[in-house]
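Novice: Sequence and predicted structure, then a few things I'm wondering about:
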Amino acid sequence: NDQTGGRTNPVGNPVYPSIQGQNNRSNVYLLDGVNNNEAISGSQTITPIPDDIQEVRLVTHTDSAQFGEGLGGTINVLTKAGTNKFHGAAWEFWRSSDFLDATTDPSGVLQNLHQNQFGGDAGGPVLLPHYNGKNRTFFYGSYEGFRQSIGSVTDQLVPTAAELTGDFSALRTQLYNPYSPTRAAFAVNSISAQLDQNMVKLARALFPSPTGSYENGVNNYRNTTPQTQNSDQYDVRGDEYLGKKDLVWAHYLHQTDPVSVYGGIPGLTSVTGYVGRNFGVQWIHTFGSSSVLTMAFGQNIGQREPTTVYSGDVQSIVTGAGFASSYACGYNFGLRSGCMLPQVGIGSYMSGGENNQSPNVNSDVWEYKADYQRTFRRHTLYVGANIDTNNQGEATSTYSSITFSPFQTSNGSTGGDPLASFLLGLPSVATRLDNRNTERGGYVDGFYGQDQWKIRDNITINVGLRYDISFIPIVSNVKLGAYNDL
C-alpha cells in the first residue's frame, strides 16, 4: 500500500509504469474520475486504502477523445460506495524482530523492527431517527494506520578531548599555521595557541564524546536512533440518490505520513512529512434512456513538510558560538521566531544543523469538468470540457550553513584538516537562505467531441477531436519577483 503518493517513504514499493512508449511521468491519475495528479512528480497525490478500491480502469490507448492531458495512459481508481446492507472489516498486520527473527545479524548489528498496519472500514445505508436512507442515502468510510520503527546504526567521527584542547598530535596529516606569513607547520600539530574559543564552545555543545572504535578505527562514535514512520489515513464517501434521474456523490481522502530519522547530531531530528488531500463531488443527471450529463468538481493538494529540528537551546548555542544575528536569526520563513542552528559541515566529521522546507506544496489542483453523452440510433455522441489548475503552490527553503575544509590549515597543496580549521574559526564558505516561492496561474484545460458510430454489430468507428492547452504558471519569489516557471 503506497500511502504517500510516491513523495516520501511509501508502505511498499510503488511502480509508475511507462505506457504507450511514453515516460512514466506522462500518465494521468484519476480518483473516481476527478484529478489526482501531482503537479511535479507526475505520480498520484494520494492512494486510497486498498480495501476502499472497487475497481481500477486503465486506458492504454487513446481511441477516445474523452481522455487527455497526458501522452501515456489514464489510470482511474474507483472507490467503494455504501449499499443497502451494512458491511465492515477490520485488520491488523504486526511484525516484531523480538519474535521469530534471528538473534544475530551477519553485519554484526541486529536492527530491530517493530511494525503495525491496522485499520477498518464500514459502509451501508444512512439510518437516523425519523430517516431511513435505504435505496437513497449511503455512506462508506475507512481508516488505516501504519506504525514502524526500524533500527538504524550510524557510525561517525567526533572530536576527541585532546583535539578540543588543540592537541592534534595523533593526526597523521601535518597542520600548517594560516596566520604565519610562510604558513609554517604547527609543531607536533598543536594549535592550542590559536584556538577560537567560540568554536570550542560550539563543539562542546553539539558533539558527544567518543563511544568506541568502529570500522577499523575510522569512526569513534555510534548512534542507534531508529527510523520511525507514523502514517494515518482516512477515506470517506457519501452517495445520495435525489430521484430516479439524479445521483450526487462526494468523497474526501486525507493522509499524513511523517518519517523521522537521525539528523546527524544527537538531538537533531529530520522529518520528511507528507500531507495529501483529495476532495471530489459529482452530479449525474439522466435526461432519459439516451442521454446523461455529468458535472464534477475536484481538488487535490499534496504537501511535503521536510524539517530538521534541534531539541536543545538553539538561542544559547548560537550566542555562545558568536554567530551574528543577521546570519543565524531573524528568518522570515524559519522554524521559529528566534534563531536556527546553522548547518555545520566539517568534512568526514560529525556534521548537521537545522533547516525548514515547510510548507512545500507539490500539488495544488482545482478541477471543474462536465461531460454529456447522447445516443441515437447507431451513434453515441460525447462532448465535454475541463478546467484544471496546475500549480506547485509554495516552496520554502530556509537555513544557514557554514563549511570547513582542510585547505585553511594546509600549506596550499598538502596537509590540513577540517576539524582543525573549524576550531580555528576559519570556514571555507558560509551561506544563508531565507526564501519562499509561490506559484499561481498554471492551467491544463481541454475540450472534446466524439462520435462513436456502430456501423455493424461487430464494427465501430470512433471519430473525435480533443484540444488541450496548457498555461505556464507564474512564480513569485521574495527576491526575484515574478517569472514564468518554464
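Specialist: Yes, it's here.

Novice: Do a quick rundown of the helices in the stretch 351-486 of the chain.
Specialist: Secondary structure of the stretch 351-486 of the chain (DSSP state H, counting those that start in this stretch): helices at 418-423.

Novice: So V188, which state does it fall into?
Specialist: Of the three states, V188 takes helix under DSSP: H, G, I helix; E, B strand; the rest coil.

Novice: actually V318, not the one I typed
Specialist: Applying three-state DSSP: V318 is helix.

Novice: Ok, the one 5 residues further on next?
Specialist: Following three-state DSSP, the label given to F323 is coil.

Novice: dump the residue contacts of it.
Specialist: Counting by Cβ atoms under 8 Å, 6 or more residues apart in numbering, F323 touches C339, P342, S400. (Glycine included, C-beta is placed from N, CA and C.)

Novice: The second one contacts S401, correct?
Specialist: Read that as P342. Yes: contact status for P342 versus S401: in contact at 6.2 Å, counting by Cβ atoms under 8 Å.

Novice: Just want to know which of those two has more residues nearby.
Specialist: P342 (25 against 17; other Cβ atoms under 10 Å).

Novice: just to revisit the earlier point, mind putting the contacts of F323 into a markdown table with pLDDT and distance to E55?
Specialist: Compiled in a markdown table, the contacts of F323 are given as follows (pLDDT from 0 to 100; distance: Cβ to Cβ, whole Å):
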| residue | pLDDT | distance to E55 |
| --- | --- | --- |
| C339 | 97 | 53 |
| P342 | 97 | 52 |
| S400 | 97 | 51 |
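
Novice: before we move on, the earlier item: what do P342 and S401 both touch?
Specialist: Common neighbours of P342 and S401 (Cβ under 8 Å, 6+ apart) are G353.

Novice: so what's S400 bridging to?
Specialist: S400 has these beta-bridge partners by DSSP bridges: R432.

Novice: What count of nearby residues applies to it?
Specialist: S400 has 25 nearby residues by other Cβ under 10 Å.

Novice: wait, doesn't it sit right on A328?
Specialist: Yes: judged on Cβ under 8 Å, S400 makes contact with A328 at a distance of 5.4 Å.

Novice: And for the closest residue to I474 other than its chain neighbours, the neighbour number?
Specialist: The shortest distance from I474 to any non-neighbouring residue, by Cβ to Cβ, 6 or more residues apart in numbering, is to G441 (4.4 Å). Close neighbours of G441, defined as other Cβ under 10 Å, add up to 16.

Novice: just to revisit the earlier point, between S400 and A328, which contacts overlap?
Specialist: M340, P342.

Novice: neighbouring contacts of the biggest helix by length in the chain?
Specialist: Taking DSSP state H as the criterion, the chain has its longest helix at helix 197-206. Applying Cβ under 8 Å, 6+ apart, the contact partners of helix 197-206 are 159, 164, 265, 312, 316-317, 320-322, 344, 350, 422-425.

Novice: Filter those down to the buried ones.
Specialist: P159, L164, I265, I317, G320, A321, V344, M350, F422, L423, L424, G425 (16 or more other Cβ atoms under 10 Å).

Novice: Nearest to T79, out of these: which one, please.
Specialist: Ranked by distance to T79 (Cβ to Cβ), the buried ones among the contacts of helix 197-206 are led by I265 at 44.1 Å.

Novice: how near is that closest one to R456?
Specialist: 74 Å (Cβ to Cβ, to the nearest Å).

Novice: Tell me the one among the contacts of helix 197-206 nearest to P181.
Specialist: Using Cβ to Cβ, the contacts of helix 197-206 come closest to P181 at L424, 16.5 Å.

Novice: gap between that closest one and I265?
Specialist: Taking Cβ to Cβ, one finds L424 at 21 Å from I265.

Novice: shaky segments in this structure?
Specialist: Scanning the chain for pLDDT under 70 picks out the ranges 1-15, 62, 100-111, 478-486.

Novice: switch the cut-off to 50
Specialist: By pLDDT under 50, the weakly predicted segments of the chain are 1-9.

Novice: still on that earlier bit, pick out the most distant pair among the buried ones among the contacts of helix 197-206.
Specialist: Counting by Cβ to Cβ, the most remote pair of those is I265 and L424, 20.7 Å apart.

Novice: tell me which of the contacts of F323 is nearest to A184?
Specialist: Using Cβ to Cβ, the contacts of F323 come closest to A184 at P342, 31.1 Å.

Novice: Leaving out the residues flanking it, which one is nearest to the closest one?
Specialist: That would be S400: by Cβ to Cβ, 6+ apart, it lies 4.2 Å from P342.

Novice: For the one you found, give me its contacts.
Specialist: Taking Cβ under 8 Å, 6+ apart, we find S400 in contact with F323, Y327, A328, M340, P342, Q343, G353, A430, T431, R432, L433.

Novice: between those, which is closest to L127?
Specialist: Using Cβ to Cβ, M340 is the member of those that lies nearest L127, at 53.7 Å.

Novice: Just to check, the closest one is in contact with N356?
Specialist: Yes: in this structure, M340 is within contact of N356 by Cβ under 8 Å, at 7.4 Å.

Novice: So R222: helix, strand or coil?
Specialist: Put simply, R222 is strand when judged by three-state DSSP.

Novice: check contacts around it.
Specialist: Counting by Cβ under 8 Å, 6+ apart, R222 has contacts V153, T154, D155, Q156, T211, G212, Y214.

Novice: Kindly export stretch 280-288 (C-alpha atoms) in PDB.
Specialist: Taking Å, rounded to 0.1, in the frame of the first residue of the first chain, the C-alpha atoms of stretch 280-288 are listed here in PDB:
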ATOM      1  CA  GLY A 280     -14.300  15.200  -5.300                       C
ATOM      2  CA  VAL A 281     -18.000  15.700  -5.900                       C
ATOM      3  CA  GLN A 282     -20.100  14.700  -8.900                       C
ATOM      4  CA  TRP A 283     -23.700  15.200 -10.100                       C
ATOM      5  CA  ILE A 284     -25.100  12.700 -12.600                       C
ATOM      6  CA  HIS A 285     -28.400  13.600 -14.300                       C
ATOM      7  CA  THR A 286     -30.200  11.300 -16.700                       C
ATOM      8  CA  PHE A 287     -32.400  13.100 -19.100                       C
ATOM      9  CA  GLY A 288     -33.900   9.800 -20.400                       C
END
